[in-house]
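Asker: Pasting the sequence and the predicted coordinates here, then a few questions.
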Amino acid sequence: MLFDELKLPIQRRTGITGEPSTDQETLEKLAIKHPLPRKILEQRSLAKLKSTYVDALPELLNPTTRRVHTGFNQTVAVTGRLSSSAPNLQNVPIRTDLGGQIRQAFLPEEGWLLLTADYSQIELRMLAHFSGDEALRQAFREDRDIHTAVAAQIFAAGEDAVTKDQRRVAKTVNFGVLYGMSAQGLATRLEINNDEATRFIQAYFARYLRVLEYQAALLKKCIKVGYVQTILGRRRRIEGIRANSTYQHRNQPEREAINMEIQGSAADLMKLAMLAIHRRLPKEKLRTRMLLTVHDELVFETPPEERDKVAQLVVEEMTTPLEAKLKLETPLKVDVGVGPNWLETASLN
């Protein structure tokens, strides 16, 4: 239908059969040219929601506790993040209305509340710490919205004039630059042309030059010692780093190296925070329970009378002691929400 009848351009072929690929990246590119690929993506998304959550989760209820119990894995994610399996509760969607309805089904103990604590832009804060870029550090010290600050730079506008759409573009640029996304990759993600994507990346590095210098230095060191390490010294061996690497032509090992130091260090922080909170809750004689870690977020269930005390305790343990212990040059920030289910958690900050 796509290639024979609609004559849409073949993006790439599968490695086994040589047939034209219809993977997500391909369909996203084709969706710019015709509405059908977008409909296929929507159908796939709905089918995944149904099979992964709507049909599967009720079957996974523990008959004794009447709860869903996930398993956490220490050695699956290469960066050191805890991963979740059987079922994976770290991929429960939130960005769509239907995905939100699935989150709404996750409830605390009857009469209790769910409390979420989410590190704000932790990986970008780690980038500011490691790179030494003073403009980035200053934005975080002043508690400015980093996506708005970058939008102001790449669109040559005042921060108070940045639109929601410009902030969305800047957010994509921020994380794209962080992990070495090419101009072509950025263009595909934002549905813009390559020249405009290149201009955004150049404008970013014109303002945050130390970020590019830091990434180059990290790769140079990796060539010399053969590994990258996190802020706590966890090492990952990486081969394939090239001496003449450039931002626009980074290969997979080079992206993995940068990803390891940034995301791996964020994972170190989260684990230290979890340990500190786990020790302190019983010390304070609190009934609150830590339920989940979802990348940069912790989820608790708490009796209403403990809500405020637990919120304060969690923020304390996730910020000040870690800033001091790890000598961070960028302040940490935690957003706390409380509500009757996993979707409807209103901010306490």
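Answerer: Yep, it's here.

Asker: so for stretch 146-153, what's the average pLDDT?
Answerer: Computed over stretch 146-153, the mean pLDDT rounds to 94.

Asker: meant to ask about stretch 96-106, not that
Answerer: Stretch 96-106 carries an average pLDDT of 89.

Asker: and S85, what are its phi and psi?
Answerer: Per-residue torsions, S85: phi -150, psi 160 (degrees, to the nearest 10).

Asker: What does the pLDDT read for the closest residue in space to it that isn't next to it in sequence?
Answerer: Spatial nearest neighbour of S85, excluding adjacent residues (Cβ to Cβ, 6 or more residues apart in numbering): G71 at 5.1 Å. To be clear about C-beta, it is placed using only N, CA and C from the backbone, and glycine gets the same treatment. pLDDT recorded at G71 is 94.

Asker: Wait, G71 touches S84, no?
Answerer: Yes - using Cβ atoms under 8 Å, G71 makes contact with S84 at a distance of 7.0 Å.

Asker: Between the two, point out the one with more neighbours.
Answerer: For G71 versus S84, neighbours defined as other Cβ atoms under 10 Å are more numerous around S84 (21 against 11).

Asker: That one belongs to a strand?
Answerer: Yes - under DSSP: H, G, I helix; E, B strand; the rest coil, S84 sits within a strand.

Asker: residue contacts, it?
Answerer: By Cβ atoms under 8 Å, 6 or more residues apart in numbering, the contact list for S84 reads 70-73, 90, 292, 294.

Asker: which one of those sits closest to L115?
Answerer: L292 (11.3 Å; Cβ to Cβ).

Asker: quick revisit: from the contacts of S84, pick the one nearest T302.
Answerer: Within these, the smallest distance to T302 is 13.5 Å, found for L292 (Cβ to Cβ).

Asker: Distance of that closest one relative to H69?
Answerer: According to Cβ to Cβ, to the nearest Å, L292 stands 11 Å off from H69.

Asker: May I have the distance across stretch 335-349, first residue to last?
Answerer: 6 Å (Cα to Cα, to the nearest Å).

Asker: please renumber so the chain begins at 742
Answerer: All right, first residue 742 from here; so that's stretch 1076-1090.

Asker: tell me which residues of it are tucked away?
Answerer: By neighbour count with 16 or more other Cβ atoms under 10 Å, stretch 1076-1090 contains the buried residues 1076-1080, 1083-1084, 1086, 1089.

Asker: tell me the contacts of P1062?
Answerer: A1017.

Asker: quick one: what helix or strand has A880 in it?
Answerer: helix 875-882 (DSSP states H and E).

Asker: helices or strands up against the helix or strand following that helix?
Answerer: Heading C-terminal from helix 875-882, the first helix or strand you meet, by DSSP H and E, is helix 887-895. The helices and strands touching helix 887-895, judged by 3 or more Cβ pairs under 8 Å, 6 or more residues apart in numbering; DSSP states H and E, are helix 875-882, helix 905-919, helix 935-948.

Asker: Just the pLDDT for R1028.
Answerer: As predicted, R1028 sits at a pLDDT of 98.

Asker: tell me the secondary structure for it?
Answerer: Quick answer, by three-state DSSP: R1028 is coil.

Asker: Contacts only, for it.
Answerer: 1043-1044, 1047.

Asker: rerun at 6 Å
Answerer: R1028 is in contact with P1044, counting by Cβ atoms under 6 Å, 6 or more residues apart in numbering.

Asker: Tell me how far it lies from E1046.
Answerer: For R1028 relative to E1046 (Cβ to Cβ), the value is 9 Å.

Asker: just to revisit the earlier point, kindly state which of the helices and strands packed on helix 887-895 is positioned closest to P994.
Answerer: Closest of those to P994 is helix 905-919, at 16.5 Å (criterion: Cβ to Cβ).
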